[in-house]
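**Student:** What follows is a protein structure lacking sequence information:
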């Protein structure tokens, strides 16, 4: 957008080539106003944001160093050990910083608005909860506040772009303006964006949203710090119990024992989505599942888009044999039905050490990325071929620009929109396939006990018809909503980027997730 | 271009694709950290047993040297391309892969056939209906249903439907509602339908059902819930694309002309709107076959149908290498063949599409 490469020798163009910083310095007021509010928003939840970013960074470092370790280890074992040493040190320091970041108090945290308290007598009142409210209300207030906060932040980011457009951008108009304007009238696309914001919130603020934590309720319910207090009707006094023991007495297993959605168990714990057959809190489980699902989907779609984009540009630019080779590779990969390939790869690597990185999520992301690019590549190949024949590409070639630079500067911007559209559509397919693998279990999918949506469906399979219907129904509905949102976002983006082809439905094969 | 020349050319181009797909499967199975010997013998196997088995499975020579990967590859390819699939290692030791596949195939074919047909019979008319009444309440209901139907994961839909239809559910579909059928395994219903067939006992041909209507209806009733789930995504796609296609063609000049010359609206819809709406639907209908193979795995798992999909799952988890190789080989060939058939069908449905243009 900024014409950074404009001709600076011409006097009349001099102001045009000013950098963004210079322009902000010349007229700082709108930027300061925006940044002030943004800073307040950031400070309110600094711990959560840093924690989320560092978790991703931790995963990335772990994955990259793990790959390095293997490839270096193949050359010499000394190098492999050096890589391993570096990995251990780096990971330890990152997780140290992360834990420190997560301990920064945030306004909308479970400590500030707590729902974990207990009654002091048989009929209340509650102590330890936010303002002495019932846990259900305390939890509800926290969820509403977090969602409001997320939407305000999302709007404020968009507002930042508006400020940039109105005050600091030099061009009066760019194609992005038209895309945004068309999206502003696209209700279906806006629904998609809203769904995405909600699910990103669930993933990022999961620990603050759940009525309890994954650590306390699911991963180590018998740890020393996982004890909870409750008012016991039997003894008539406040007792202490391990979360694991409380889980044991709060199972949802059909007519004889059930803790349904929006109810309390015998230990005064509130369960917004009810409990699982093993007594764990389904809502907390779903929040943990949202985090791992979105991390895997994000990594996979990033990898697939990168491969598809690079190969699409290369095959369009060089054409001929290169194109044919990529075509055969892509056809070869898609010739094995996607889900079978996924099952095969995850079964083969089930006991491999790679399968332990990120609870199996890293391996799954790699698998989804390397099996998913052909469909994306096919979608961008047409536009890439078209742009490769444009005069400006010829012109750039004729004055001797490097091919990589031509592809990046003159071809990629044209292809990027399509890549984004199809990436968001196939993201839905990845979410579905990922939960399908976790549903199958048997070493496929995310490793237990780390929460995964598919496993919740699998746990609830035998209780569908009966009082414990919530176990299988709610996770499935969440998948349906997320997939619909991703499809809607893709539809909206496509209509906004390319209004001519309104109503074409090329993304269907991608969105279906190989029949999962 | 001559259609026959085109076909030959496509078949030749399909060969490297098949080779690539099969090679990829081979590399995953043989280079990956899969350990069939351990799976077969269990943990407390003696070293001698392990050595014997390794020799028997073709991993090492009797003198203890490992068989080079290249030799294993050539041997596997030679066996596959001569349709010599060998014996199963894990699922049923020393039973030929072909007979296992032949035994499981009828259930999968029966399931796949009905999932395609049900999706077509419901999806296309619903799409046409929504398109003809575009932007009315009934359109919103239909296309909204299509969007929802499309977004539902097969495995979850299968769990929900199976859960509410089996005993204890809202209504017990398999016991009541006409003749009662088995829920688990390849049901008696399918057996009864296939049993008295004059071709029974002959692999492949045994799939042709006995023309006894009662048996066919029973088998149909048994497969219906599973087929509905397996066809769900395609049905949603058909509604969606059928609707757009109808909306585009109903405002076109030739429909106006047909109206002006006083053609009955039923004829207009069938002859002019319908036929043209079929063109964009073709890839969806063909794409259904592609989704079937993957989807069958999960649907068969949930509905406990003894078909190829559930066998593939068991074979993969149990490291039954010959079985996985054979099934992958068959699936790859089917996929490649369907791609070619689809491109040929395009030219039949829409004569404007030339063979040159569809060449890839």
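**Tutor:** Cool, got the structure. Computed from a predicted structure; not experimentally measured.
**Student:** Which positions in stretch A:163-172 come out as buried?
**Tutor:** The neighbour-count check on stretch A:163-172 (16 or more other C-beta atoms under 10 Å in any protein chain shown) flags A:163-165, A:167-169 as buried. For every residue, glycine as well, the C-beta is placed using N, CA and C.
**Student:** Just give me the closest of those to chain B.
**Tutor:** Closest approach between these and chain B, by C-beta to the nearest C-beta: residue A:165, at 32.9 Å.
**Student:** If you count residues, where's the longest helix of chain B?
**Tutor:** Secondary structure assigned by DSSP state H gives helix B:97-132 as the longest helix of chain B.
**Student:** now the buried residues of stretch A:163-172 in a markdown table, with distance to residue A:199 and pLDDT?
**Tutor:** Below are the buried residues of stretch A:163-172 laid out as a markdown table (distance: C-beta to C-beta, whole Å; pLDDT from 0 to 100):
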| residue | distance to residue A:199 | pLDDT |
| --- | --- | --- |
| A:163 | 27 | 92 |
| A:164 | 27 | 92 |
| A:165 | 28 | 91 |
| A:167 | 32 | 89 |
| A:168 | 32 | 88 |
| A:169 | 31 | 87 |
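**Student:** got CSV for the residues you listed, with secondary structure and distance to chain B too?
**Tutor:** Formatted as CSV, the buried residues of stretch A:163-172 follow (DSSP: H, G, I helix; E, B strand; the rest coil; distance: C-beta to the nearest C-beta, whole Å):
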residue, secondary structure, distance to chain B
A:163, helix, 36
A:164, helix, 35
A:165, helix, 33
A:167, helix, 40
A:168, helix, 40
A:169, coil, 36
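**Student:** Once you drop chain neighbours, what's closest to the residue of the stretch 401-516 of chain A found nearest chain B?
**Tutor:** Relative to chain B, the nearest point of the stretch 401-516 of chain A is residue A:464 (2.5 Å; C-beta to the nearest C-beta). Distances taken as C-beta to C-beta, 6 or more residues apart in numbering or on different chains place residue B:163 nearest to residue A:464, at 2.5 Å, with adjacent residues excluded.
**Student:** Which helix or which strand is home to the one you found?
**Tutor:** Here residue B:163 is covered by helix B:154-165, with elements defined by DSSP states H and E.
**Student:** other SSEs contacting that helix?
**Tutor:** With contacts taken as 3 or more C-beta pairs under 8 Å, 6 or more residues apart in numbering or on different chains; DSSP states H and E, helix B:154-165 sits against helix A:412-440, helix A:453-459, helix A:470-497, helix B:213-230, helix B:232-250, helix B:275-303.
**Student:** Just the mean pLDDT for the fourth one, thanks.
**Tutor:** When you say that, I think you mean helix B:213-230. Helix B:213-230 shows a mean pLDDT of 82.
**Student:** for that helix, packing partners?
**Tutor:** Helices and strands touching helix B:213-230, by 3+ C-beta pairs under 8 Å, 6+ apart, are helix B:97-132, helix B:154-165, helix B:188-194, helix B:275-303.
**Student:** Any chance of these in TSV with mean neighbour count and mean pLDDT as columns?
**Tutor:** What follows is those, written out as TSV (neighbours: other C-beta atoms under 10 Å in any protein chain shown; pLDDT from 0 to 100):
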stretch	mean neighbour count	mean pLDDT
helix B:97-132	21	88
helix B:154-165	24	89
helix B:188-194	20	64
helix B:275-303	23	80
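**Student:** could you dump those helices to CSV with distance to residue B:215?
**Tutor:** Shown next, in CSV, are those (distance: least, C-beta to C-beta, whole Å):
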stretch, distance to residue B:215
helix B:97-132, 12
helix B:154-165, 21
helix B:188-194, 4
helix B:275-303, 20
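**Student:** In contact with residue A:313, which residues?
**Tutor:** A:384, A:407, A:411-412, A:415 (C-beta atoms under 8 Å, 6 or more residues apart in numbering or on different chains).
**Student:** And it, how far from chain B?
**Tutor:** 18 Å (C-beta to the nearest C-beta, to the nearest Å).
**Student:** Name the nearest residue to that residue, ignoring sequence neighbours.
**Tutor:** Closest residue to residue A:313 apart from its sequence neighbours, by C-beta to C-beta, 6+ apart: residue A:407 at 4.2 Å.
**Student:** so the one you found sits right up against residue A:317, yeah?
**Tutor:** Yes. Residue A:407 lies in contact with residue A:317 (C-beta atoms under 8 Å); the separation is 5.7 Å.
**Student:** Per the annotation, how does the chain divide into domains?
**Tutor:** Let's take chain A. With domains defined by automatic domain parsing, chain A comprises A:217-280, A:293-512.
**Student:** let's do chain B instead
**Tutor:** According to automatic domain parsing, chain B comprises the domains B:3-97, B:104-308.
**Student:** how long is the first one from one end to the other?
**Tutor:** Looking back up the chat, that one is domain B:3-97. For domain B:3-97, the separation between the terminal residues is 37 Å (C-alpha to C-alpha, to the nearest Å).
**Student:** Is there proximity between it and chain A?
**Tutor:** Yes. Part of domain B:3-97 sits near chain A under the criterion C-beta under 8 Å from any C-beta of the partner chain, namely B:16-21, B:23-25, B:28-29, B:32-34.
**Student:** Just the buried ones among those, please.
**Tutor:** Buried among the residues of domain B:3-97 next to chain A (16+ other C-beta under 10 Å): B:16-21, B:24-25, B:28-29, B:34.
**Student:** Looking at those, which one is closest to chain A?
**Tutor:** Using C-beta to the nearest C-beta, residue B:20 comes nearest to chain A of those, at 2.8 Å.
**Student:** Need the three-state assignment for the closest one.
**Tutor:** The three-state label given to residue B:20 by DSSP: H, G, I helix; E, B strand; the rest coil is helix.
**Student:** pretty sure residue A:246 is in contact with residue A:269, am I right?
**Tutor:** Yes. Contact criterion C-beta under 8 Å: residue A:246 and residue A:269 qualify, at 6.7 Å.
**Student:** joint contacts of those two?
**Tutor:** A:228, A:230.
**Student:** Tell me where the stretch 1-150 of chain A has strands.
**Tutor:** Along the stretch 1-150 of chain A, counting by DSSP state E, counting those that start in this stretch, strands occupy A:118-119, A:126-127.
**Student:** Show me where the stretch 1-150 of chain A has its helices.
**Tutor:** A:20-26, A:29-44, A:46-75, A:77-102, A:135-163 (DSSP state H, counting those that start in this stretch).
**Student:** Worst mean pLDDT across the helices and strands of the chain, which element?
**Tutor:** Answering for chain A, as no chain was given. Lowest mean confidence among the helices and strands of chain A (mean pLDDT, DSSP states H and E): helix A:508-511, at a mean of 53.
**Student:** coming back round to it: state the distance from the residue nearest to residue A:464 to residue B:11.
**Tutor:** 45 Å (C-beta to C-beta, to the nearest Å).
**Student:** Ok, residue A:92 next?
**Tutor:** Taken as C-beta to C-beta, the span from residue A:92 to residue B:11 is 58 Å.
**Student:** got the residues of the stretch 251-360 of chain B near chain A?
**Tutor:** B:280, B:284, B:287, B:290-298, B:301-302, B:312-313, B:316-317, B:324, B:327-328, B:331-332, B:335-336, B:339, B:360.
**Student:** How about residue A:473, nearest residue that isn't a chain neighbour?
**Tutor:** Closest to residue A:473 by C-beta to C-beta, 6+ apart is residue B:160, at 7.0 Å.
**Student:** and if you look at residue A:252?
**Tutor:** Among residues not flanking residue A:252 along the chain, residue A:468 sits closest, at 4.3 Å (C-beta to C-beta, 6+ apart).
**Student:** Which residues of the stretch 101-250 of chain B lie near chain A?
**Tutor:** B:147-148, B:150-157, B:159-160, B:162-164, B:166, B:168-170, B:230, B:233, B:237, B:240-241, B:244, B:247-248.
**Student:** residues making contact with stretch B:240-256?
**Tutor:** Contacts with stretch B:240-256, where a contact means C-beta under 8 Å, 6+ apart, come from A:503-505, A:508, B:123-124, B:126-128, B:130-132, B:134, B:139, B:142-143, B:146-147, B:150, B:268, B:272-273, B:276-281, B:284.
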